[in-house]
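Colleague: I would like to see how this sequence folds:
(4 chains)
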There are 2 protein chains.
Amino acid sequence: MLERERHSLILKLVEERSIVSVGDLLDLLGASEATIRRDINTLAERGEVKRIRGGAEAVRPRHQPHLVGMPFSLSQDISVPQKRAIARAAAELITPGESIIINGGTTTFALVEFLAEHDLDILTNSFPIAAKLLATSRNRITLPGGTIFREQNIVLSPFDNDTIENFWGNKLFTGCYGLNRFGIMEADPLIVQAQTKLLKRTEDVIVMADSSKLRQKSSMIVTGLERISTIVTDDGAKPEELDVFKAAGIKVIVATVSEEDGLQKLA
Amino acid sequence: MLERERHSLILKLVEERSIVSVGDLLDLLGASEATIRRDINTLAERGEVKRIRGGAEAVRPRHQPHLVGMPFSLSQDISVPQKRAIARAAAELITPGESIIINGGTTTFALVEFLAEHDLDILTNSFPIAAKLLATSRNRITLPGGTIFREQNIVLSPFDNDTIENFWGNKLFTGCYGLNRFGIMEADPLIVQAQTKLLKRTEDVIVMADSSKLRQKSSMIVTGLERISTIVTDDGAKPEELDVFKAAGIKVIVATVSEEDGLQKLA
DNA sequence: CACGAATCGATCATATACAATCAGATGCAA
DNA sequence: TTGCATCTGATTGTATATGATCGATTCGTG
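Modeller: Numbers count the residues shown, from 1 in each chain, chains lettered A, B, ... in the order given. Here you go, the predicted structure:
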């Protein structure tokens, strides 16, 4: 691997995770410790990363405008391994050539990584998901029309006259704020509105919810359990927590979080 | 294998992978190391690739860290100073709080830079323009629904039922393939279609066309001169070339290309 | 404060990439 | 064909990058 490649990969990782350890890079780059240190130091001299003991850190100030493409600045970093495991399992539900809908959110964002090789028709209301799909895959991407809401990073039309009405997806992949016996719960009315629109445009609803979501309650019910066909969660879920869903006839998939999920995938 | 073949193959590979090592090329070209180095150096002298230790790299920055999908791969780099000067002048036509439409294209993309401080309602069919606006400004951004066409980087709905119908812009900013006494000309049917839709949603049409466009002809007329209210071009345009537009009652603005326009703006 | 563990920078031998050079191969024109 | 120009591949010496080692420093913990 060329020096330049290592440098860009390090920058990419630092950008995604805002911090990387020398140890992580050791595995990911396949270079020696000395070389990695040298790389980090070089990048630090150039001001592209900040050198910290044991690794490198993003240099970007906290208040930088929202990053397009990877912009869930806050929640992006929580439960990453769980989310990746769930995303991997969820991606296996997809059959080639199919038409799917992806609702915006950090969990569904993780799905994109596993869609690189697919040949799908994808509708998503998430700007970052569309951006990443555009950059990393050859899938056909459709956006509903509307205003981009910055906080949620979704495109939502205030009008009835919505392109979304012309789309039909075999499956809808969605995250949630909370998931329990009442169904899918959300905390933001805008997200409820967006999700409700998507629910009308598909048959199978696949909810991607890491185990923490099963203990999370909120004030708004998007839809009841009867509308859900599959739930993908991680092995942090207690079996008894899942019974209520199984009893409702929902297929429950428990993804095993592997070592590797903690590390970002290489180019 | 001929020198020319090697060169184009190298360029293709660099384009695809954004970086190639001499070793890779060794296998792929079946030429000797010395020849490959010479090839790379030749291409580097011509500015078509960047020479790096161990291989070659794409001239265009390897990955725009925050902006996904900004890939006007070819035309992005031509007439940059002219485009910036035009964009600066065009931005001055905008009044605060206004509602505008920006058609996709490299010239209009340059406009975004000058919109950072504005507070506008912006509709654009260009994914990269939306992405950059999202990242660098606080304007309200609306997208028409539809499929993202990768080559043109625009969102276009194949349906009548289009969110775009709910938008009205005071001004439409558009580039063009060619501009002459027949009006706005384009070379790509998809772009004609997109542009036609936008033309219906505004009153003032502002065409941003660097002077080379005034000598460019093509096969498809998007609209005649009567629909154009303002043309912004650069000082490379000959005065007599502009007479036909002035005679049609169009306001013609000639932007002066300054030193500074040649330099990319720093982050 | 003291201890071990992790991380660091420096050093050095090795590996790799480089430009320069030259001889042979190839293409083209007379 | 000969002669000329150009391209190509091998070789060489040099510059640079890499990885292993080692002592010094820092960190976390008791």
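Colleague: Give me the mean pLDDT for the helix or strand A:V252 falls within.
Modeller: For A:V252, the host element (DSSP states H and E) is strand A:251-255. For strand A:251-255, the mean pLDDT works out to 96.
Colleague: which other residues reach it?
Modeller: Residues from elsewhere that reach strand A:251-255 (CB atoms under 8 Å, 6 or more residues apart in numbering or on different chains): A:82, A:85-86, A:88-90, A:93, A:229-235, A:237, A:242, A:245-246. Where C-beta positions appear, they are placed from N, C-alpha and C, glycine not excepted.
Colleague: now do 10 Å
Modeller: Strand A:251-255 has contacts (CB atoms under 10 Å, 6 or more residues apart in numbering or on different chains) with A:82-90, A:92-93, A:204, A:206-208, A:210-211, A:228-237, A:239, A:241-243, A:245-246, A:261.
Colleague: Give me the most central residue, chain A.
Modeller: Closest to where the C-alpha atoms of chain A average out (CA atoms, centre = their mean) is A:F109, at 2.2 Å.
Colleague: Could you tell me which residues of the stretch 51-200 of chain A lie near DNA strand C?
Modeller: Applying CB under 7 Å from any atom of the strand, we find that the stretch 51-200 of chain A lies next to DNA strand C at A:R51, A:I52, A:R53, A:G54, A:G55.
Colleague: top of those by neighbour count?
Modeller: Neighbour counts for these (other CB atoms under 10 Å in any protein chain shown) peak at A:G55, which has 22 neighbours.
Colleague: Report the spatially closest residue to the residue of the stretch 1-150 of chain A found nearest chain B, excluding sequence-adjacent ones.
Modeller: Residue of the stretch 1-150 of chain A nearest chain B, by CB to the nearest CB: A:G145 (2.5 Å). Distances taken as CB to CB, 6 or more residues apart in numbering or on different chains place B:T163 nearest to A:G145, at 2.5 Å, with adjacent residues excluded.
Colleague: next one: A:R51
Modeller: Here the residue nearest A:R51, using CB to CB, 6+ apart, is A:A44, at 4.0 Å.
Colleague: For the one you found, which residues are in contact?
Modeller: Under the criterion of CB under 10 Å, 6+ apart, the neighbours of A:A44 are A:K50, A:R51, A:I52, A:A56, A:E57, A:V59.
Colleague: Between the residues you listed, which has the least confident prediction?
Modeller: Out of the contacts of A:A44, that is A:V59, at 80.
Colleague: Can you name the residues bridging to the closest residue to that residue other than its chain neighbours?
Modeller: With sequence-adjacent residues excluded and distances taken as CB to CB, 6+ apart, A:V59 is closest to A:K50, at 4.8 Å. Partner residues in beta bridges with A:K50, using DSSP bridges, are A:E57.
Colleague: Can you get me a residue count around A:K50?
Modeller: 16.
Colleague: Now do the same contact list for it.
Modeller: A:K50 makes contact with A:V14, A:I19, A:I40, A:L43, A:A44, A:A56, A:E57, A:A58, A:V59, A:R60, according to CB under 10 Å, 6+ apart.
Colleague: Name the member of those residues with the most neighbours.
Modeller: A:A56 (27 neighbours).
Colleague: Neighbours of the closest residue to it other than its chain neighbours, how many?
Modeller: Once flanking residues are discounted, A:A56 sits nearest to A:V49: 4.3 Å by CB to CB, 6+ apart. As a burial measure, A:V49 scores 27 neighbours (other CB under 10 Å).
Colleague: A:A131 - that's part of a helix, no?
Modeller: Yes. Counting by DSSP: H, G, I helix; E, B strand; the rest coil, A:A131 is part of a helix.
Colleague: how about the helices of chain A, start to end?
Modeller: With helices called from DSSP state H, chain A shows them at A:3-17, A:22-29, A:33-45, A:80-91, A:106-111, A:127-136, A:189-199, A:239-247.
Colleague: quick one: the shortest one near chain B?
Modeller: No. With CB under 10 Å from any CB of the partner chain as the criterion, chain B is not reached by helix A:106-111; the gap is at least 12.2 Å.
Colleague: Give me the mean pLDDT for that helix.
Modeller: Mean predicted confidence for helix A:106-111 is 92.
Colleague: what does the first one give?
Modeller: Helix A:3-17 shows a mean pLDDT of 88.
Colleague: and what of the fourth one?
Modeller: Summarised as a single mean, pLDDT over helix A:80-91 is 90.
Colleague: Next, the angle from it to strand A:251-255.
Modeller: 130 degrees (axes from the mean of the first three to the mean of the last three CA atoms, to 10 degrees).
Colleague: Format the CA atom coordinates belonging to helix A:80-91 as PDB.
Modeller: Once non-C-alpha atoms are left out, helix A:80-91 reads as follows in PDB (Å, rounded to 0.1, in the frame of the first residue of the first chain):
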ATOM      1  CA  VAL A  80     -21.800   1.600  16.100                       C
ATOM      2  CA  PRO A  81     -20.900  -2.000  16.400                       C
ATOM      3  CA  GLN A  82     -24.500  -3.000  17.100                       C
ATOM      4  CA  LYS A  83     -25.800  -0.900  14.200                       C
ATOM      5  CA  ARG A  84     -23.300  -2.400  11.800                       C
ATOM      6  CA  ALA A  85     -24.200  -5.900  12.900                       C
ATOM      7  CA  ILE A  86     -27.900  -5.100  12.500                       C
ATOM      8  CA  ALA A  87     -27.300  -3.500   9.100                       C
ATOM      9  CA  ARG A  88     -25.300  -6.600   7.900                       C
ATOM     10  CA  ALA A  89     -28.200  -8.900   8.900                       C
ATOM     11  CA  ALA A  90     -30.800  -6.600   7.400                       C
ATOM     12  CA  ALA A  91     -29.000  -6.400   4.100                       C
END
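Colleague: What is it packed up against?
Modeller: Packing partners of helix A:80-91 (3 or more CB pairs under 10 Å, 6 or more residues apart in numbering or on different chains; DSSP states H and E): helix A:106-111, strand A:169-174, strand A:202-208, strand A:230-234, strand A:251-255.
Colleague: If we use 8 Å, what do you get?
Modeller: helix A:106-111, strand A:202-208, strand A:230-234, strand A:251-255 (3 or more CB pairs under 8 Å, 6 or more residues apart in numbering or on different chains; DSSP states H and E).
Colleague: Residues in contact with that helix: which ones?
Modeller: A:106-108, A:110-111, A:113-115, A:173, A:206, A:208-212, A:232-236, A:253, A:255-258, A:261-262.
Colleague: What about the residue of the stretch 1-150 of chain A closest to chain B, how many residues nearby?
Modeller: Neighbours of A:G145 using other CB under 10 Å come to 28.
Colleague: Over to A:G105?
Modeller: 27.
Colleague: Can you report phi and psi for the nearest residue to it once chain neighbours are set aside?
Modeller: Leaving aside its chain neighbours, A:G105 sits nearest to A:G175 (3.5 Å; criterion: CB to CB, 6+ apart). Backbone torsions of A:G175, given as degrees, to the nearest 10, read phi -90, psi -160.
Colleague: What of A:S219?
Modeller: phi -100, psi -10.
Colleague: follow-up on the earlier one: and the residue of the stretch 1-150 of chain A closest to chain B, how far from A:R181?
Modeller: For A:G145, the distance to A:R181 equals 35 Å [CB to CB, to the nearest Å].
Colleague: my read: A:L143 touches A:V155, true?
Modeller: Yes. If you go by CB atoms under 8 Å, A:L143 and A:V155 touch, sitting 5.7 Å apart.
Colleague: joint contacts of those two?
Modeller: A:N125, A:F127, B:L143.
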